[in-house]
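Engineer: just the structure for this:
(4 chains)
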Amino acid sequence: MSANLAAYATSTGEAFQFWVLGTVAVVGALSTILMRKAVHSALSLAGTMIVLAVFYLANGAYFLGIVQIVVYTGAIMMLFLFVVMLVGVTAADSLKETLKGQRWLAVACGLGFGILLAAGIGNASLTEFAGLGTANSAHGGNVEGLAALIFTKYVFAFEITGALLITAAVGAMVLTHRERTERARTQRELSEQRVREGKHVPPLPAPGVYARHNAVDIAGLLPDGTAADLTVMGTLRKRGQIRDVSTEAMADLKALEQRSEERLGRDRDEEEATR
Amino acid sequence: MSPVVNAGFPLLTATALLPAAGAVLTAAVPAARRTAAKWLALLVSLATLVLAAVVFAGFEPGGDRYQFVESYSWIKDFGVRYELGVDGIGVALIALTALLIPFVILAGWHDADPLETSSKRWRPTQGFFALILMVEAMVILSFEATDVFLFYILFEAMLIPMYFLIGGFGDRAHSGSDENAAAQRSYAAVKFLLYNLVGGLIMLAAVIGLYVVAGNFSLTEIAEARANGSLEMATSTERWLFLGFFFAFAVKAPLWPLHTWLPNAMGEATAPVAVLITAVVDKVGTFAMLRFCLGLFPEASKWATPAIVVLALISIVYGALVAVGQRDIKRLVAYASISHFGFIILGIFAMTSQGQSGATLYMVNHGISTAALMLVAGFLISRRGSRLIADYGGVQKVAPVLAGTFLIGGLATLSLPGLAPFVSEFLVLVGTFARYPVAGIVATTGIVLAALYTLVLYQRTMTGPVKEEVRALPDLRARELAVVVPLIAVLIFLGVFPKPLTDVVNPAVRHTLSDVRQKDPQPQIQNVEAAK
Amino acid sequence: MDNLIALLIAAPLLGALVLLLGGRRLDKSGHWLGTLLAAVSFVIGLVLFADMLGKSADDRALHQTLYTWIPVEGFQADMAFRLDQLSMTFVLLITGVGTLIHVYSIGYMEHDERRRRFFGYLNLFVAAMLLLVLADNYLLLYFGWEGVGLASYLLIGFWQHKPTAATAAKKAFLVNRVGDMGLSIAIMLMFTTFGTFAFGPVFEASGQASEGKLTAIGLMLLLAACGKSAQVPLQSWLGDAMEGPTPVSALIHAATMVTAGVYLIVRSADIFDAAPDAQLVVTVVGAVTLLFGAIVGCAKDDIKKALAGSTMSQIGYMILAAGLGPIGYVFAIMHLVTHGFFKAGLFLGAGSVMHGMNDEVDMRKYGGLRKYMPVTFVTFGLGYLAIIGFPGLSGFFSKDKIIEAAFAKGGTEGWILGAVTLLGAAITAYYMTRVMLMTFFGEKRWQPAPDADQAPSAEPAAEHAAGAMPHPHESPKSMVIPMILLAVGSVAAGAVFEFAGFVEWLEPVTGFEHGHSPVSAAAVTAATVAVMVIGVGLAYLQYGRRPVPVVAPRGSLLTRAARRDLLQDDFNHAVFVTGGTHLTRSLVYVDHSLVDGVVNGTAAAVGGLSGRLRKLQNGYARTYAVSMFGGTAVLIAATLLMRAV
Amino acid sequence: MNPVNYLYLAALLFTIGAAGVLIRRNAIVVFMCVELMLNACNLAFVTFSRMHGNLDGQIIAFFTMVVAAAEVVVGLAIIVSVFRARHSASVDDASLMKL
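Structural biologist: Residues are numbered from 1 along each chain as shown, chains lettered A, B, ... in the order given. Model prediction:
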């Protein structure tokens, strides 16, 4: 393997792999920024990262390749998914631009930037490739090589990043942990408060209609058939994840009456017939 | 000339440091002990006066140009030094400042007292007097500084206390609602600040340019180098630097057409603060013209002289005419001051020993005479609660002493012989006439106009039938007399015996003239002295 | 002896200080103190005079230098005095007449609660006037010059509660200031020409200066003289100055201050002698004023204003004489002194009349007073005879000499000037007779006293009940005695001077040469007497034979113009007051909207610009991100370009 | 094929990420885009290390990952708390810095 790593032009196999996976990566990246739902973005990003992991491996960075998969795809992206879940999985944010000219500016900058980078790389005349063969084999393997560097040359940076990680962990806890300052209020107190406020004197109605839907995300229907959002739990309401079934419910109702009408009508006919 | 450096007691630093320390102490006085703060401030200012007197007495007219020199390195990398020294001009102006401040404090005794409406924990009183002392310290130090950078810092720094004095303690006699007055006041304060800041920034650029050209900030060294030709400047460079400095000083002075901040500031501020502005702080501008513009840029000064002379003449006539048209007593005095500053600048740039000695005397005398007039006007205004001339009439019958002192102040303003301003004004006129006869004649019309606005003011406020509103005005009280009488005494003394001042000033002026390599124009007939 | 000179000034100055600073506790005794100090000064003057007579004519001049007043490079003004014959003449006149008028004022100002201050001002005036005539250099003279201006300002406006008085005072000061401009410019010219302005050196060197310079100096001095001595074109203030108390009019605006201009010109004889053009202008000014004042004097019904007009015209005589050069200086001074006597006497008489007539000043409301106030009548009459130049009385000698000198100027100018002076003499006789007749002869035309407020001049005695019929009475002793003394002076002075050799007395200072008149002295004298008689006769025909209407008739165009001071005030008002007001108004506007407007405009512009820039900071992180991203792109582009280049 | 293409790919990914940061309002997605940019950088580093034949590039990439991890932890925590406070994960809603 070290042989072809040292080559100026890579093997056709790698070339093939590059072109295929590269396309995948780009598509993933694009869909990351174009998907309306955060979950989809996260998933496509994960895909891109896996592709990148493969590329690392292809570039002889075996350790990084693995780490990429484990840390990024395994840990970070999962973390993302958790947060997305907290914030609302199905909530799709509109891609409609609110800031005037923002999108065009962004695209323009992006294009210019990309072109510039490409130009930079282009005129950097990078034809000479040393390859990693010697470097990896120096300490008998990629991982050992890295280890040698990390614990000698970069040991301080390493330690400091360690400290950074600890701090980050603590910081995350501090940020997200909510200290409960007062004890939780009992049912009684809550009801008393409701009475005092004078609205929703009875406890909130339960979701679900006609025992057909007992899903928590379906609003109960008021007598006139309109949905009562109050019956859905707050989080879902905030996420806008209420499934509105009022219309189909009304339709079902109508159909029901229709049928009963018919049946009753038929009965009458039978009576007349017997008479 | 190698003056004795840092020999013995640092008198100049002490003179400036004392009021500064006094300011800090005054500000620290607890809120309840208001009167204590006032007395403290008064005592400190008197002590400063004593020190200034020591300086004045210890200054040898025949000695070095700069005396009591102190010099310590401050910012080594830029050659900035804490370098003090006074020539005759500086001594005279330090004396003026130290003389006026006690009266300013005494006159402003009640100006910062809490209003009925204000809370018990009223601090501004302390602040008022502390700020006044702070201004005194800075002004004195700026008269002493012989390091351009040090001077620049003070020149700018004194804006801050002045800003708060103008904006924070307005004249309580105002027409219209309080909010309206407050708006007017902050407008005046901001205008004052911006105007002077702009000037100062332009000067900063020039200061940096000067450093680039000269390599250090020491006035004495640069001036010397300029004089003996060891420091050459390109003509254009010198002119630009000169303009940079002159602009700042012309704003501060103020010179037409950069004068419009003065009437607002003086109109809105309390009378003592107005005196502080026109009699003390503005003098720094004219003083700096004389010392820095001429000392550092002799050629450029000569180059700019015609234009400046014209501007000065405009200031004289224009200021006087606009003063005639004013309805507000304090604004009238302000425009009168503009006219007088025109005289001072005219005298400086006439480049004759009479003109410059006259200009220096003029700075001192104008300070005292304006103080007298303005403070009495302040007393009058505080009694009636109005600044409008039309609201007065016949005061002379109900308050003769007030009217008398007011008249004397006015006569000093129109430079009546026997009162100090006459000496300086006539010297300026003669000095100007000797070099620019036409300018001299035009300036002479100023004395008629001065008489016009002064007498019109006196006639409308003091004479005529007594108005109902003023019928109950009390005459001057003991404190107010203590303010006015000494000032008038000084005016008369310097009017009939200005020698103490001229002795100190003349040598300094001689040096200045030699800086700019100018000689007095000689009379056409020489052997008159023989005949005498 | 020299050191006494300063005392001359010090005495009244001390009085002024004590009286003005002394406060109310001096109200009782103040006037005595003032009078005493004036008298002290007079006595010192007499002592010095005696001493001076003892010396030979040439070294009579005394000098005293106290200290250097203004010492600046090349500009040395000394506090130095010179007492020569000329100054001595003035010292005696000022202190003498001054003392008399102090005495007179004691009675006259009796009812005024501010009498102490009045005497303080009088002393101040005497001191300043002495400084003026004793100064040894022009700057010090300027000091006194303005000092008397101040005193006159304070005294004209003594009754400041009257707007008219205040205005008159202001006017007097301002017009004088215009004159002072001339004086200061003259001093500057001297400084640039001679390098000094002390009398001695300047006169020494006056020969070497170019005539142009000297003419300029002379004209500037003349301007100053015009201001102080109420000569055309700066004469307008004198009439209004009669708002002041009558003693002031007598002392300042008749006897002493207004003649300072004459002193200035005579003092500067050397300069004028070397500048004939200037001299010619001087004579012209004198001649014009002479007629001007005389005409005005004929039309005025206010007794003081009539006398003021006469003063102008008499000073016109003196200026004219002074303009004639060595042949005239002496007579100018001589007429000045005699005029000092009789005009002061006339004014005091007028004051006494007003005192008796509830401060009525309109002569048409007098009449037949000779029976009621005999002493006043006699003294006034003597003064009258003196001023019209009745043979033997003082006015006769002095005026006659001036007329002679005028003719002696020679050439057409001589004839013209002579004619003018003669004509002036006739008119003088006419209007003085008019005053005399309207006041003391004819039937009573008394009216109830108007309210003190509307009274044309609310003299102190105005506390009379308004509407009361006046009952004329002779004035108190303190007022009568000075009148008598002055009357004596106005009778005798002329003859004394004539025969005691006033000419020789002044000659060392002013120089003197006999003019060669184309007409013989006798003829001139005869002519003078003749025109005098004509003038008197005309006046008698007009006012003695016919009854005087109480309400002034409309009168001819000239009369009406003369009543309005020949429209001079209207002119001044139209040109200077109105024009000046408009100028100042517009300048105030310009200052506010133009000069200040530019500044505020700049401020507004900056404010608007920054307001727009603020919009860029919309607070949206993404916008900032875009700019940051774009910035990075630009940076990269820059680096690439750097590489490329 | 010349491995330099990896660099072009990295550039492309980076640009896409950047554009995403600019375009998307949802804070989480923005964060993802940031991650994308970081990864693009990593790819570039790795490629460089291959070019120069030493491992330092990989070391840097390694550190980048660590830092990215820390950053994500904190950033997401912030997002969550912001969401709790304001019931919105939109970047534009946090525009209180404006005067």
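Engineer: and B:Leu84, what are its phi and psi?
Structural biologist: phi -120, psi 150 (degrees, to the nearest 10).
Engineer: in chain A, which residue sits nearest chain D?
Structural biologist: A:Ala130 (2.7 Å; C-beta to the nearest C-beta). Where C-beta positions appear, they are placed from N, C-alpha and C, glycine not excepted.
Engineer: do you know how far C:Asp58 is from C:Thr581?
Structural biologist: Separation of C:Asp58 from C:Thr581 (C-beta to C-beta, to the nearest Å): 56 Å.
Engineer: tell me which of the two has more neighbours.
Structural biologist: Comparing C:Asp58 with C:Thr581 by other C-beta atoms under 10 Å in any protein chain shown, the one with more neighbours is C:Thr581, at 12 against 7.
Engineer: could you check how far the more buried one is from B:Trp256?
Structural biologist: Using C-beta to C-beta, C:Thr581 is found at 21 Å from B:Trp256.
Engineer: pLDDT score for residue 34?
Structural biologist: As the question left the chain open, I've gone with chain A. Predicted confidence (pLDDT) for A:Leu34: 89.
Engineer: please go with chain C instead
Structural biologist: pLDDT recorded at C:Gly34 is 89.
Engineer: who's in contact with it?
Structural biologist: C:15, C:19, C:102, C:119-120, C:122-123 (C-beta atoms under 8 Å, 6 or more residues apart in numbering or on different chains).
Engineer: if we use 10 Å, what do you get?
Structural biologist: With contact set as C-beta atoms under 10 Å, 6 or more residues apart in numbering or on different chains, C:Gly34 has these partners: C:12, C:15-16, C:18-19, C:26, C:102, C:105-106, C:115-116, C:118-124, C:126.
Engineer: narrow those residues to those in helices?
Structural biologist: Those of these mapping onto helices are C:12, C:15-16, C:18-19, C:102, C:105-106, C:115-116, C:118-124, C:126, per DSSP state H.
Engineer: any stretches of the chain with poor pLDDT?
Structural biologist: I'll assume chain A. By pLDDT under 70, the weakly predicted segments of chain A are A:1-9, A:88-93, A:95, A:125-128, A:203, A:205-214, A:225, A:238-240, A:245-246, A:266-275.
Engineer: sorry, I should have been clearer: chain C.
Structural biologist: Low-confidence segments of chain C, defined by pLDDT under 70: C:1, C:449-468.
Engineer: output the longest helix belonging to it.
Structural biologist: helix C:163-194.
Engineer: what's the answer for chain B, then?
Structural biologist: Per DSSP H, chain B has its longest helix at helix B:178-214.
Engineer: now do the buried residues in that one.
Structural biologist: Neighbour-count burial for helix B:178-214 flags B:181, B:184-185, B:188-200, B:202-204, B:206-207, B:210-211, B:213-214 (criterion: 16 or more other C-beta atoms under 10 Å in any protein chain shown).
Engineer: what does stretch A:160-174 give?
Structural biologist: Quick answer for stretch A:160-174 (16+ other C-beta under 10 Å): A:161, A:164, A:168, A:172.
Engineer: gap between the residue nearest the centre of chain A and C:Leu558?
Structural biologist: Nearest to the geometric centre of chain A sits A:Val39, at 2.8 Å (C-alpha atoms, centre = their mean). Using C-beta to C-beta, we find A:Val39 at a distance of 116 Å from C:Leu558.
Engineer: give me the residue from chain A nearest chain B.
Structural biologist: Chain A approaches chain B most closely through A:Phe156 (34.4 Å), counting by C-beta to the nearest C-beta.
Engineer: next, count neighbours for the closest residue to chain D within chain C.
Structural biologist: Using C-beta to the nearest C-beta, the closest approach of chain C to chain D is made by C:Gly619 at 2.6 Å. Counted with other C-beta under 10 Å, residues neighbouring C:Gly619 total 13.
Engineer: I figured it hits D:Asp92, correct?
Structural biologist: Yes. With contacts counted by C-beta atoms under 10 Å, C:Gly619 reaches D:Asp92, the gap being 9.1 Å.
Engineer: still on that earlier bit, assumed the residue of chain A closest to chain D was part of a strand.
Structural biologist: No. Under the criterion used here (DSSP: H, G, I helix; E, B strand; the rest coil), A:Ala130 is coil, not part of a strand.
Engineer: does it touch D:Ser49 like I think?
Structural biologist: Yes. Using C-beta under 10 Å, A:Ala130 is in contact with D:Ser49, at 9.3 Å.
Engineer: with neighbour numbers in mind, choose between these two.
Structural biologist: D:Ser49 (24 against 15).
Engineer: what's the longest helix of chain B packed up against?
Structural biologist: Where contact means 3 or more C-beta pairs under 10 Å, 6 or more residues apart in numbering or on different chains; DSSP states H and E, helix B:178-214 is packed against helix B:148-157, helix B:159-168, helix B:219-227, helix B:235-252, helix B:261-268, helix B:282-288, helix B:294-296, helix C:596-616.
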